[in-house]
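Chemist: Below is the structure, and that's it, no one-letter string:
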């Protein structure tokens, strides 16, 4: 146990020397600092209240140099050099993380199991290499095999040869120089990334093969909608039978339209082009000029239904019809003209107006 020191500056000096000896075991470090602690207590007693850090450094030397002298006097190795560069700090952090993981039993068991997976990785690496070669020089892949049936058998033969070469390389990698081993590992990672991308790329091509085809609108860049009177309808939003907006390809820059709900409207026709041409592509709208008026549409004559004409329904007595000479219930009193309740007469031969019966003169 070190003797106590007196004075703040002496305590600071002792702590700096202790930090310079931090790589030593606690017992050995305390043994080396025991004499220094007693010496600092004597120095503090000689100049009570006036001892400064500069005076201690001038008298004893810098704390790091004093720690180096203690190491040398005890026959110890010099302190390890600390690399304060970003790469050195990163290596230190990785070493610390590795030491933390090595302390976990589950991680140690996992590391012990990894060598057993090497043969499977060597075979898979050969498959990825073959897939890369056939993707570059072949006709493409449809899943784990080339899309061309004639290349599939050749690809399988090449996979066997590549897997054999990969296993041969894997068994001898530990004998190579460190930089060669690093190159082999990096190459295997790149092959795995490329192989997974090649094998998984068929999903995208399968889905896009059923994409929307513009059909007759393939070369169309604008639509013009006219009403039955032959007048051009501007700002018409065009949809298909399913309610989907019809958007034809754009060959020129057009003015963006916005709906009242804030959404973009791309199916508005005729399109509005800026007053100037596109300064980047020199594009100008193609096609015939807009016609404000075209011949209208003739009215459609309704088709005459075939077969006998349907008979008109005869009013029943329950509907309020009265026999001649009787007054229906709820009718107007005598002398008041009755309201007409007959159905409208269809277009055609006009019906004869009903005979008017002169009202009786009121008695005086």
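Modeler: On my side now, so go ahead. Nothing here was measured: the structure is a model prediction, and the numbers come from that model.

Chemist: Residue 70 - how many residues pack around it?
Modeler: By other C-beta atoms under 10 Å, the residues close to residue 70 number 20. The C-beta positions use only the backbone N, C-alpha and C, and glycine is treated the same way.

Chemist: can you check residue 168 too?
Modeler: For residue 168, the count of nearby residues is 11 (other C-beta under 10 Å).

Chemist: Show me what the helix or strand hosting it is in contact with.
Modeler: Under the criterion of DSSP states H and E, residue 168 resides in helix 149-172. When contacts are defined by C-beta atoms under 8 Å, 6 or more residues apart in numbering, helix 149-172 is touched by residues 118-119, 121-123, 125-127, 129-130, 133-134, 138-139, 145-146, 184.

Chemist: Tell me the buried residues within these.
Modeler: With burial judged by 16 or more other C-beta atoms under 10 Å, the buried subset of the contacts of helix 149-172 is 122, 123, 125, 126, 127, 129, 130, 134, 145, 146, 184.

Chemist: returning to what we had before: which strands or helices does the very next helix or strand once past the helix holding residue 168 pack on?
Modeler: Helices and strands here follow DSSP H and E; after helix 149-172, the next one along the chain is helix 178-200. Contact here means 3 or more C-beta pairs under 8 Å, 6 or more residues apart in numbering; DSSP states H and E; on that basis helix 178-200 packs against helix 118-137.

Chemist: Please repeat the previous calculation with a cut-off of 10 Å.
Modeler: Packed against helix 178-200, as judged by 3 or more C-beta pairs under 10 Å, 6 or more residues apart in numbering; DSSP states H and E, are the following elements: helix 118-137, helix 149-172.

Chemist: what's the most buried one of the ones you listed?
Modeler: Counting by mean count of other C-beta atoms under 10 Å, helix 118-137 has the highest mean neighbour count of the helices and strands packed on helix 178-200, with a mean of 18.

Chemist: Adding mean pLDDT and distance to residue 41, write the helices and strands packed on helix 178-200 out as a markdown table.
Modeler: Listed next are the helices and strands packed on helix 178-200 as a markdown table, based on pLDDT from 0 to 100; distance: least, C-beta to C-beta, whole Å:
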| stretch | mean pLDDT | distance to residue 41 |
| --- | --- | --- |
| helix 118-137 | 88 | 62 |
| helix 149-172 | 87 | 65 |
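
Chemist: Dump those helices to TSV, plus distance to residue 106.
Modeler: Converted to TSV, the helices and strands packed on helix 178-200 look like this (distance: least, C-beta to C-beta, whole Å):
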stretch	distance to residue 106
helix 118-137	21
helix 149-172	26
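
Chemist: Which of the ones you listed sits closest to residue 259?
Modeler: Proximity to residue 259, assessed across these by C-beta to C-beta, is greatest for helix 118-137 (45.4 Å).

Chemist: now the angle from the closest one to helix 178-200?
Modeler: Helix 118-137 and helix 178-200 are oriented at 60 degrees to each other (axes from the mean of the first three to the mean of the last three C-alpha atoms, to 10 degrees).

Chemist: got any ranges where the protein has weak pLDDT?
Modeler: For the chain, the stretches flagged by pLDDT under 70 are 1-7, 49, 80-84, 142, 147-149, 201-219, 251, 274-289, 304-364.

Chemist: what's the domain layout of it?
Modeler: Each structural domain of the chain that the record assigns through automatic domain parsing is listed here as a residue range: 8-73, 115-208, 212-286.

Chemist: Indicate which one of those is closest to residue 297.
Modeler: Residue 297 lies closest, by C-beta to C-beta, to one member of these: domain 212-286, at 4.6 Å.

Chemist: follow-up on the earlier one: and of the buried ones among the contacts of helix 149-172, the nearest to residue 294?
Modeler: Set against residue 294, the nearest of those by C-beta to C-beta is residue 146 (56.3 Å).

Chemist: you'd agree that closest one is up against residue 138?
Modeler: Yes. Using C-beta atoms under 10 Å, residue 146 makes contact with residue 138 at a distance of 5.3 Å.

Chemist: list residues touching both of the two?
Modeler: Where contact means C-beta atoms under 10 Å, 6 or more residues apart in numbering, the residues bridging residue 146 and residue 138 through contact with each are 131, 154, 155.

Chemist: Dump the residues you listed into CSV; add distance to residue 268 as well.
Modeler: Formatted as CSV, the entries for the shared contacts of residue 146 and residue 138 read as follows, by distance: C-beta to C-beta, whole Å:
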residue, distance to residue 268
131, 48
154, 55
155, 52
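
Chemist: Need the residues that contact the helix or strand hosting residue 9.
Modeler: Residue 9 is part of helix 8-20 when elements are defined by DSSP H and E. Taking C-beta under 10 Å, 6+ apart as the criterion, the residues outside helix 8-20 that touch it are 2, 4-5, 7, 24, 29-30, 32-33, 36-37, 39-45, 47, 50-57, 59-60, 62-68, 70-71, 79.

Chemist: let's go with 7 Å and repeat that
Modeler: Counting by C-beta atoms under 7 Å, 6 or more residues apart in numbering, the neighbours of helix 8-20 from elsewhere in the structure are 5, 29, 33, 36-37, 40, 43-44, 51-53, 56, 63-64, 66-67, 79.

Chemist: in that helix, what's buried?
Modeler: Buried-residue list, helix 8-20, by 16+ other C-beta under 10 Å: 9, 10, 13, 14, 16, 17, 18, 20.
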